[in-house]
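>>> 3D, please:
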Amino acid sequence: MLTRRQLLLAGLATGVASMAGCSSGSKEAGNGRPVREFGIASDPWKAADWGQAVGAKPTMVMEFESWDRNRTLDAHFQAAKDGKMESFAITWEPWTPVDLAANADAQSAVQPKFSNQAIVAGSLDGYIRNFATAVKKSDLTVYIRYAHEMNGDWYPWYHDPAVYAQAWRHIVDVFRSVGAKKAKFVFAPAVNLYQADDSAWMAGVQQYWPGAEYVDQVGTTMINLGRSKAYYVKDFKPRLKLLHETFGKGVVLAEVNSASEGRLKFFTELRTWLSTPEADYIRSVILSQLPSHGQASLGDQVGDLSWQVPTDDETRPVIKALIKDITPVA
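Prediction:
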């Protein structure tokens with residue numbers, strides 16, 4: 001039997017209406033498939049240099065934003081607009097971050113200030129309202145991946161699934177109350193490939209579901225950590241399809257990356273799959289090459305995730321081609 005920490009680390013490896021212009025049967029990319037978004041996990045000021053190095057532009061950036069910062073992202077939104085982007089993605093985390101490598105138990109402990117119960121009670125409404133107002137003023141389509149991987153046990157918001165769903169609905173209601181119509185909420189569980197049974201996995205996910213009227217897209221992490229945690233596109237496909245079919249929403253690949261060993265196979269498989277009708281429900285792909293928690297925690301058990309697409313001669317052409325395949329402004 002896997003220990004709790006092994007499950008936690010394995011989860012890291014796997015770890016709204018449809019996007020305008022991206023639904024099946026709408027605009028098509030050069031390969032005849034639906035146009036999607038391609039994003040990178042980065043602040044918007046670095047996006048132009050990344051695109052120049054790769055030879056194809058991302059259509060959005062995705063930032064991780066923890067609630068303890070107690071700020072809005074007005075300058076970030078403006079920088080994205082200055083870079084000719086029309087959309088922005090945020091992984092919005094209600095907590096004060098804890099270093100996973102240093103203390104796994106502390107990472108999952110309830111933080112009362114940011115708990116599901118506190119959100120439902122309205123004690124954070126001022127912050128939520130200010131953030132929603134900034135999203136509205138930006139006039140960008142802002143995809144909010146709120147409290148992701150909730151069906152694992154490595155973040156504090158996994159506690160009390162029913163209250164998690166209430167907190168989600170409360171947040172969306174606040175956004176609606178300020179008229180933030182271009183905010184799109186992404187429900188993003190972990191794929192948890194260490195769970196062999198699809199039905200058991202989905203049952204765990206459904207505990208947290210806030211309701212179709214409160215979710216615009218679903219999504220998940222898609223990372224090949226390599227070595228003992230090596231996963232390829234074929235391993236993720238069944239659960240991506242199950243997410244789509246269960247909830248009836250388009251799917252975001254919200255954190256995509258691979259260890260250096262196997263990276264060319266991983267991204268070539270991804271590009272090939274996205275070019276087929278089977279993958280038409282995928283709405284966006286977000287490459288995340290930020291420092292890896294899995295790398296820090298597992299060390300030599302996993303591959304090297306420190307490489308970067310812009311400086312990698314083997315993978316860069318594949319990513320460039322993938323972007324040009326799926327986006328309208330590559």
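>>> Let's test this: mean pLDDT of stretch 84-104, rounded?
The average of the pLDDT scores along stretch 84-104 is 88.
>>> do the same with stretch 233-248
The pLDDT scores in stretch 233-248 average 97.
>>> residue ranges of the helices in the chain, please?
4-14, 47-54, 74-82, 104-108, 116-121, 125-138, 161-177, 198-206, 233-247, 263-274, 293-298, 316-326 (DSSP state H).
>>> Quick check: which of the ones you listed is nearest to Tyr155?
The minimum distance between Tyr155 and these falls on helix 104-108, with 6.4 Å, by C-beta to C-beta. Placement of C-beta: from N, CA and C, glycine included.
>>> what separates the closest one from the chain centre, distance-wise?
On the basis of C-alpha atoms, centre = their mean, to the nearest Å, the separation between the geometric centre of helix 104-108 and that of its chain is 21 Å.
>>> Give the buried residues for it.
Applying a neighbour-count criterion of 16 or more other C-beta atoms under 10 Å, the buried positions in helix 104-108 are 104, 107-108.
>>> Next: stretch 108-124.
Of the residues in stretch 108-124, those buried under the neighbour-count criterion (16+ other C-beta under 10 Å) are 108, 110-111, 114-116, 118-120, 124.
>>> And for stretch 171-191?
Neighbour-count burial for stretch 171-191, with 16+ other C-beta under 10 Å as criterion, is recorded at 171-172, 174-175, 178, 180, 182-191.
>>> farthest-separated two in those residues?
The largest distance within the buried residues of stretch 171-191, taken as C-beta to C-beta, falls between Val178 and Val191 and amounts to 33.3 Å.
>>> before we move on, back to that, next, format the buried residues of stretch 108-124 as TSV and append pLDDT.
What follows is the buried residues of stretch 108-124, written out as TSV (pLDDT from 0 to 100):
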residue	pLDDT
Ser108	91
Val110	95
Gln111	96
Phe114	98
Ser115	98
Asn116	98
Ala118	98
Ile119	98
Val120	98
Leu124	98
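>>> Identify the residues contacting the most centrally placed residue in the chain.
By C-alpha atoms, centre = their mean, the mean C-alpha position of the chain lies nearest to Ala254, the distance being 2.6 Å. By C-beta atoms under 8 Å, 6 or more residues apart in numbering, the residues touching Ala254 are 62, 89, 91, 145, 148, 186, 188, 219-222, 286.
>>> tell me, how many neighbours does the spatially closest residue to it that is not a sequence neighbour end up with?
Distance criterion C-beta to C-beta, 6 or more residues apart in numbering; nearest residue to Ala254, sequence neighbours excluded, is Gly219 at 4.2 Å. Using other C-beta atoms under 10 Å, the number of residues around Gly219 comes to 27.
>>> From Lys136, how far out is Gly219?
With distances taken as C-beta to C-beta, to the nearest Å, Gly219 is found 23 Å from Lys136.
>>> With Glu37 instead?
Using C-beta to C-beta, we find Glu37 at a distance of 20 Å from Lys136.
>>> higher neighbour count, those two?
Set side by side, Glu37 and Lys136 show unequal neighbour counts under other C-beta under 10 Å, the larger going to Glu37 at 25 against 17.
>>> In this structure Asn192 contacts Ala200, no?
No: assessed by C-beta atoms under 8 Å, Asn192 is found out of contact with Ala200, at 9.5 Å.
>>> between those two, who's got more neighbours?
For the pair Asn192 and Ala200, the greater number of neighbours falls to Asn192 (23 against 10), based on other C-beta under 10 Å.
>>> what's the first-to-last distance across stretch 120-128?
Distance between the two ends of stretch 120-128: 12 Å, counting by C-alpha to C-alpha, to the nearest Å.
>>> From the chain's centroid, how far away is that stretch?
On C-alpha atoms, centre = their mean, the centre of stretch 120-128 falls 24 Å from the chain's centre.
>>> go on, stretch 209-221?
A distance of 12 Å separates the C-alpha centroid of stretch 209-221 from that of its chain, computed with C-alpha atoms, centre = their mean.
>>> Next: stretch 153-170.
In terms of C-alpha atoms, centre = their mean, the centre of stretch 153-170 is found 17 Å from the chain centre.
>>> List the buried residues in that stretch.
Neighbour-count burial for stretch 153-170, counted by 16+ other C-beta under 10 Å, picks out 153-161, 163-170.
>>> Run through who's touching it.
By C-beta under 8 Å, 6+ apart, the list of residues contacting stretch 153-170 from outside reads 4, 7-8, 11-12, 93-95, 100, 104, 107-111, 114-117, 119-120, 122, 146-152, 185, 187, 207-211, 214.
>>> Can I get it in PDB, CA atoms only?
Coordinates of the C-alpha atoms in stretch 153-170 are reproduced here as PDB (Å, rounded to 0.1, in the frame of the first residue of the first chain):
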ATOM      1  CA  ASP A 153      -4.900  15.500   0.100                       C
ATOM      2  CA  TRP A 154      -1.900  17.900  -0.300                       C
ATOM      3  CA  TYR A 155      -3.700  21.300  -0.200                       C
ATOM      4  CA  PRO A 156      -5.700  22.600   2.700                       C
ATOM      5  CA  TRP A 157      -8.800  23.200   0.700                       C
ATOM      6  CA  TYR A 158      -9.300  19.400   0.200                       C
ATOM      7  CA  HIS A 159     -11.000  19.200   3.600                       C
ATOM      8  CA  ASP A 160     -14.800  19.100   3.700                       C
ATOM      9  CA  PRO A 161     -15.800  18.600   0.000                       C
ATOM     10  CA  ALA A 162     -19.400  19.800   0.500                       C
ATOM     11  CA  VAL A 163     -18.100  23.100   2.000                       C
ATOM     12  CA  TYR A 164     -15.600  23.400  -0.800                       C
ATOM     13  CA  ALA A 165     -18.400  23.400  -3.300                       C
ATOM     14  CA  GLN A 166     -20.300  26.000  -1.200                       C
ATOM     15  CA  ALA A 167     -17.200  28.200  -1.200                       C
ATOM     16  CA  TRP A 168     -16.800  27.900  -5.000                       C
ATOM     17  CA  ARG A 169     -20.400  28.900  -5.500                       C
ATOM     18  CA  HIS A 170     -20.000  31.800  -3.100                       C
END
